[in-house]
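Trainee: Provide a 3D model corresponding to the input given below.
(one chain, ligands or ions: 1)
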Amino acid sequence: MKNTLFILFIHLFFTPLLFAQDLAENPFIRVDKDNNRIFTADPSAHVWADGRLYVYASHDVQPARGCDLMDKYHVFSTDDMIHWTDHGQILEAADVSWARPEGGFMWAPDCAFRNGMYFFYFPHKDADNIWRIGVATSTEPAANFTSQGYIEGMRSGIDPSVFVDDDGQAYIYQNSGGTGTCAVGKLKTNMVELDGEMQDMQGLVGYHEGPWVHKRNGIYYLSYADGHDDGYIKNEMRYAMSTSPMGPWTYKGVVVGGTTEGTQHGSIVQYKGQWYAFYHNNVLSFGTNPGGGARSICVDKLYYNEDGTMQKVIQTGMFKDPVVNAKNIPNLILAENYSTGIDGETYHDVDNTNNGGVYRHDGVDIEVCSEGKANIFNMEAGEWIGYKLNIPRTDNYKIDLRVSSPVGTGAFHVEVDGVNVSGRVTVNKTDDFQKWTTVALSNISLNSGTRLLKIVVDEAGFNLANFTVYYALTTPPFNKRIILKNGGKYVSFDQNNQVFCNSETMTSNCIFTVEQIGTGNKVELRTSNGKYIAAKSLKNSMTVESSHSANTRFFWYQKSYNNNEIGLKSEALNSIVCSENGTKAMNCNRYEIGAWETFVWQEYIEAAVEDVKADKVSLQVYPTRVQTDDKFTVEYNMETNFAITIQLIDAQGRVCKKMDGLKGGKQSLLVSTRGLATGSYFLQITASNFAAARKIILI
Ligand code: FUB
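Mentor: Numbers count the residues shown, from 1 in each chain. Below is the predicted model of the structure:
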C-alpha cells in the first residue's frame, strides 16, 4: 500500500529531476464517484468542444460472469490526464425499451457529436436475443441520455464505433455477426440512419472485434483486437492503415499487447498534442472471478514512427516484469518473473526453448498455473533460474517456495552470488504437478545490495510457482496485548464492530491480543470485547466477530527491523489495506496484487494497570456445592473497558468451561454443571490484567 508521505516526498523533491508525472497510475479508473470499486472496459475516448477528454466505457458488473453481466454505462473525463471525474451512470438496459428485459449485454459503446447533440451508440440484445446497435442522445456529453431505438440495417453484431471525417461524413463500424468480421457503413447527417448498406472491410489480418478508426496526417488507422491466445497472454490490439476510412486496409502489426484477460478493446485519440492508446487489462482482478476477470480501463502514450506506423505501446499498468525488489518485504516473487537476461546470465535451460510457450520467449519452460498466473515446469538437473534481488540489509531471511511434485522426487538448492545458502532441499510429493505445497527455508543469509539469487535444480521432478522473501525476525508477540498503528493512527473498532485505521485517540477499542493459530506466523487478533477481527468480504470494511473462522486468521509478516513494522494478510482473502477514501476503513483487497499495508505494533501496558480497580470488584458464586447436573449463579460487579472472561478450571488446571466477551458492570449469570465430573473447581473471572477466583465443589 502506498505510503502517502513518501509519495508526497517523491513528488516534491524528485519529480522535476526524474520525470514529470503526466498520466494517472494505470488502471486509471479504480473506484466510482462514491468511492466504490468499479470495473470498466472497452474505453472509447473523445475530446469534445469543452476541451475535456471523455471516455465512454462499458461496465463489468460484479460478480463477473465473463461478458454475460454487463450493464450501466459510466462516463469519465479529465482535463490533465491525471485527475479523472466519474460522471456516473448514463444509461442502463432498463432505459432501453427494445432491449431484452433481462438486460446484461451492454457491451462496448461509443459516442459521437454533431450539431449540438451527443449520440451514444451501444450494442444490446433485443427481446428475440438478436444483437442490435442502439442509439441514445443528449445535449450533454455525460448526462441525460435518452434511448432513441436502434439503427435499422446494421448487422446483428457488437462493438459499434463512429468516426466523423474532416468533411463531416460519419462512418459507423461494427462486428458483423458475433466476432471475426468487421463491417462499415455511412451514417446520414441525422446520425441515426444508415446511408446505404453495411459492407465487409477488406485487409484486416487476424481481425476479431473492437474496431476503432482514427486519422492522422491524412492517413486512416483501424485498430482492433485479434484472437491471440498463447495460454497466458490473450487478445492483442493490432492495427492497419488505409487512405480511406472504408479501406481496403494494410495490416501493420500489434500496437497494444494483450493481458491475461481474454479480450482487448480500446481507442486511440490525440489530446493536447499527445497521442494516447486506451485499452483495458485485468490487473485489479487477476486471480479472482472464475467467470472471467473483471476489467479496468488504462491509458498510455502512443508514438508514431516517421513512416506513420505506430510503435507498440508500453503498458505501464501491466504486471511488472520482473518484480524482484526485496525492499518491499514480504515480497512475493513469481517464478516466471526471473530477471531479464540471456542463458547463463539469469537462467540456464538445456534446450533454450520455452516448452510451455506462454508469457516469455527464452529458454525457461513456463506454463499456466492452477494457482493463477504461471509456473516454471520441466525443470532438469543442472538448470537454474535467477532473480536479481535488491536486498535491503545484511541479515538472515526466510524464503517460502511454492512447489509441486507428483512423485516426490525433485530437489534444488538456493545459491546467492554463487554460494549455496540452503543446502539440498527436497520437494515432498504433492500428487500432481498442479498441486502446490510450501517449502519453508529459514536462516538464509543475504548481504545487502543487488544479489543474484538462483534456484538450482539438483534433481528433476518438481515445478516452481513463486517464492516469498521475508525477514527471519521475531515471532509475533503471541498472547501479548498490543496496539496497531497505521500512518500514526490507531486501528480500532466502533460500536458497529467495523474496523478502522483512523483513530486519533487510544481507547480500549484499540487494544488487541495476538493469539497464535497452529505454528508459525499465523495469528488471530482478539479485540478488547473478546471478539476477533475478521476479513468479512473483499469490498466491505473488516468487522469484529465473535466466532473463529478462516476469515479471522491472518499471516503476520515482519516488514522492517527497527520499528516493529509488520504486514498482515488474511488467510482467506489476501492483503489487508486501509482505504484511502478519508474514512480509512480497514478492508481486504484481493484486487490489489502485492498490496500490503504497513502496521506498526507496540505492546500495550499502562492503561491495563489502571483499568480494573480491584477494591471495587465484587464476585459471588452460589451455591458453592452443586450437583453435577445442575446450575449455579455467578454475580459480579466490575467496571472495566475490557471484555470479561469467566472460566471454570478443574483441579488439574484444565479449562472445563469458558464464557468470554462478557460485559462489565453489575451482572448475574447461571452456569450449568451438566457433563462435568465431581470434584473441586475454581471459578475464575478475568478482565484486562485483573483476575479473581472462587472455589466450587461439584457433588
Ligand atoms: O466488453 C464486452 C465485449 O468484450 C466487447 O464488446 C468486446 O469488444 C470485448 O471487449
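
Trainee: Tell me the residues of the chain that contact the ligand?
Mentor: Within the chain, the residues that sit near the ligand (Cβ under 6 Å from any ligand atom) are 41-42, 58, 67, 70, 107-108, 158-159, 209-210, 263, 265. Any C-beta I mention is one placed from the backbone N, CA and C, and that applies to glycine too.

Trainee: Columns pLDDT, neighbour count and secondary structure on top of the residues you listed, output as CSV?
Mentor: Shown next, in CSV, are the residues of the chain next to the ligand (pLDDT from 0 to 100; neighbours: other Cβ atoms under 10 Å; DSSP: H, G, I helix; E, B strand; the rest coil):
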residue, pLDDT, neighbour count, secondary structure
Ala41, 97, 25, strand
Asp42, 98, 34, strand
Ser58, 97, 28, strand
Cys67, 83, 21, strand
Met70, 93, 25, strand
Trp107, 97, 23, coil
Ala108, 98, 30, coil
Ile158, 96, 25, coil
Asp159, 97, 28, coil
Glu209, 97, 25, strand
Gly210, 97, 28, strand
Thr263, 92, 26, coil
His265, 96, 30, coil
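
Trainee: Including distance to Glu306, could those residues go into CSV?
Mentor: Shown next, in CSV, are the residues of the chain next to the ligand (distance: Cβ to Cβ, whole Å):
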residue, distance to Glu306
Ala41, 33
Asp42, 31
Ser58, 35
Cys67, 39
Met70, 40
Trp107, 37
Ala108, 32
Ile158, 36
Asp159, 31
Glu209, 31
Gly210, 28
Thr263, 32
His265, 28
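
Trainee: where in the stretch 1-150 of the chain is pLDDT low?
Mentor: Applying pLDDT under 70 to the stretch 1-150 of the chain flags the ranges 1-21.

Trainee: cutoff 90 now
Mentor: 1-27, 30-31, 34-37, 61-69 (pLDDT under 90).

Trainee: the helices in it, which residues?
Mentor: Taking DSSP state H, counting those that start in this stretch, the helices of the stretch 1-150 of the chain run over residues 4-9, 15-18.

Trainee: Quick one: the strands in the stretch 51-200 of the chain, in order.
Mentor: 53-59, 73-78, 85-91, 110-114, 117-125, 131-138, 146-150, 161-164, 170-175, 182-187, 199-200 (DSSP state E, counting those that start in this stretch).

Trainee: Now stretch 268-278: buried residues?
Mentor: By neighbour count on 16 or more other Cβ atoms under 10 Å, the buried set for stretch 268-278 is 268-269, 271, 275-278.

Trainee: Okay, and which of those residues map to strands?
Mentor: Using DSSP state E, 268-269, 271, 275-278 are the members of the buried residues of stretch 268-278 that sit in strands.

Trainee: which residues of the stretch 551-699 of the chain score low on pLDDT?
Mentor: In the stretch 551-699 of the chain, residues with pLDDT under 90: 551, 554-617, 638-645, 650-655, 658-665, 686-693.

Trainee: in it, which spans are helices?
Mentor: Going by DSSP H, counting those that start in this stretch, the stretch 551-699 of the chain shows helices at 606-611.

Trainee: ditto for the stretch 401-550 of the chain
Mentor: In the stretch 401-550 of the chain, no helices are found when defined by DSSP H, counting those that start in this stretch.

Trainee: Equivalent analysis for the stretch 201-350 of the chain, please.
Mentor: Counting by DSSP H, counting those that start in this stretch, the stretch 201-350 of the chain has no helices to list.

Trainee: Low-confidence ranges, it, go.
Mentor: Checking the stretch 201-350 of the chain against pLDDT under 90 turns up 229-234, 257-262, 281-294, 313-334, 336-343, 345-346.

Trainee: of the ones in strands among the buried residues of stretch 268-278, closest to Tyr681?
Mentor: Comparing those against Tyr681 with Cβ to Cβ places Phe278 closest, at 71.1 Å.

Trainee: For Glu261, give me its contacts.
Mentor: Counting by Cβ atoms under 8 Å, 6 or more residues apart in numbering, Glu261 makes contact with 234, 280-282, 292-293, 295.

Trainee: Spatially nearest residue to it (excluding sequence neighbours)?
Mentor: Asn282 (3.6 Å; Cβ to Cβ, 6 or more residues apart in numbering).
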